[in-house]
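Peer 1: Just a sequence and a predicted model for now, questions to come.
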Amino acid sequence: MQKQDILNTVLPDCQTALWYLGQVGFVFGHKGHYVAVDPYLSDYVDQNCSQVVQWKRLYAPPIDAMELDFLDAVLCTHTHYDHADPWTLTQIAQANPKTKFIVPAPEVETIASYGIGREGIVPAYADQPIAVSGFTVTPVPSAHEVFHTDEMGNYRELGYIIDDGSTRVFHAGDMCMYDGLTERLTQIDVAILPINGRDYFRNANDIIGNFDSSEAIRLAEIIQAEVLIPVHHDLYEVNKVSPAYFVDTLMTVNRAQKYHIFVPGERYIYMK
């Protein structure tokens, strides 16, 4: 995967391109505009978070962060380092000072502390749309097992509905099911949902969980998403699940559901 692979992809207005960066990271492209969600393109977690559990990437990043100098915006769902990586974010900011960083409002100071200028950081509030060069981004509250808020009630974890006028993509970030979620997810074409689940033993090591495969498949069915993309299952041995289990579960729960399992660096083109 190289920068030119992205920039040389020319699509009609009715198509949207997605490039998989690994873990839950994506670049979305439409009509010459580009946004990334949760790009994690270093081994920051391996180097800084292995005191209790040994974290080791199972594959290298598919692209260098400095090559992403064309991004209009980077969306961070929350500040866990595999979603808001200080090394990746600062490299993107250095490569293109015009890139905007959209982050949950309570986490603005955390992102600024990485050396990113405050003028480039856009606070995101649940259910309040944000206009970004060719896209409308609507933040959705995320329960990372439970809700986490600041003293003003603003959510520390968000998913995002990304609407380019042709396609509506829901990127959940890290999320579990909660009452009221489905009502927020209207007319979703592509649902990008974590499937690594949660359990007692990971919780004991401070590994907070997400949807499991069955929950993700049922959510996609309820909101009538045409395509389901499972993520958060492939990067770290201590927190991964087999995509074969996802497929087996889908065949039982809703075999009519379209899905796509990515290889890191892969491009996928969606058209209604």
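Peer 2: Nice, thanks for sending it over.

Peer 1: So what's the residue count around residue 243?
Peer 2: 16 (other Cβ atoms under 10 Å). Bear in mind the C-beta positions are built from the backbone N, C-alpha and C, glycine included.

Peer 1: and residue 267, how far is that from residue 90?
Peer 2: Counting by Cβ to Cβ, to the nearest Å, the gap from residue 267 to residue 90 is 26 Å.

Peer 1: before we move on, what about residue 241?
Peer 2: Residue 241 is 31 Å from residue 90, by Cβ to Cβ.

Peer 1: what do you get for residue 74?
Peer 2: Residue 74 is 11 Å from residue 90, by Cβ to Cβ.

Peer 1: cool, and residue 209?
Peer 2: 29 Å.

Peer 1: Among those two, which residue is more densely surrounded?
Peer 2: Neighbour count, other Cβ under 10 Å: between residue 209 and residue 90, residue 209 has more, with 19 against 15.

Peer 1: Find me the pLDDT at the closest residue to residue 123 other than its chain neighbours, would you?
Peer 2: Among residues not flanking residue 123 along the chain, residue 105 sits closest, at 3.8 Å (Cβ to Cβ, 6 or more residues apart in numbering). With respect to pLDDT, residue 105 scores 98.

Peer 1: surely residue 105 meets residue 126?
Peer 2: No - assessed by Cβ atoms under 8 Å, residue 105 is found out of contact with residue 126, at 9.1 Å.

Peer 1: tell me the contacts of the residue nearest to residue 123?
Peer 2: Contact partners of residue 105, counting by Cβ atoms under 8 Å, 6 or more residues apart in numbering, are 123, 124, 125, 150, 154.

Peer 1: Kindly write the ChimeraX command that selects the buried subset of those residues.
Peer 2: A single ChimeraX command selects the buried members of the contacts of residue 105 (16 or more other Cβ atoms under 10 Å):
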select :123,124,125,154
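
Peer 1: so of the contacts of residue 105, which ones are in strands?
Peer 2: Assignment to strands by DSSP state E places the following of those there: 123, 124.

Peer 1: End to end on stretch 93-107, go ahead and measure it.
Peer 2: 17 Å (Cα to Cα, to the nearest Å).

Peer 1: Next: stretch 65-77.
Peer 2: 18 Å.

Peer 1: Would you mind measuring from the closest residue to residue 133 other than its chain neighbours to residue 103?
Peer 2: Among residues not flanking residue 133 along the chain, residue 72 sits closest, at 3.9 Å (Cβ to Cβ, 6+ apart). Residue 72 is 15 Å from residue 103, where distance means Cβ to Cβ.

Peer 1: Between those two, tell me which one has more neighbours.
Peer 2: Each of residue 72 and residue 103 has its neighbours counted (other Cβ under 10 Å); residue 103 has more, 28 against 17.

Peer 1: Could you pull up the contacting residues of the more buried one?
Peer 2: 75, 76, 79, 84, 110, 111, 121, 122, 123, 124.

Peer 1: Thank you kindly, that will do.
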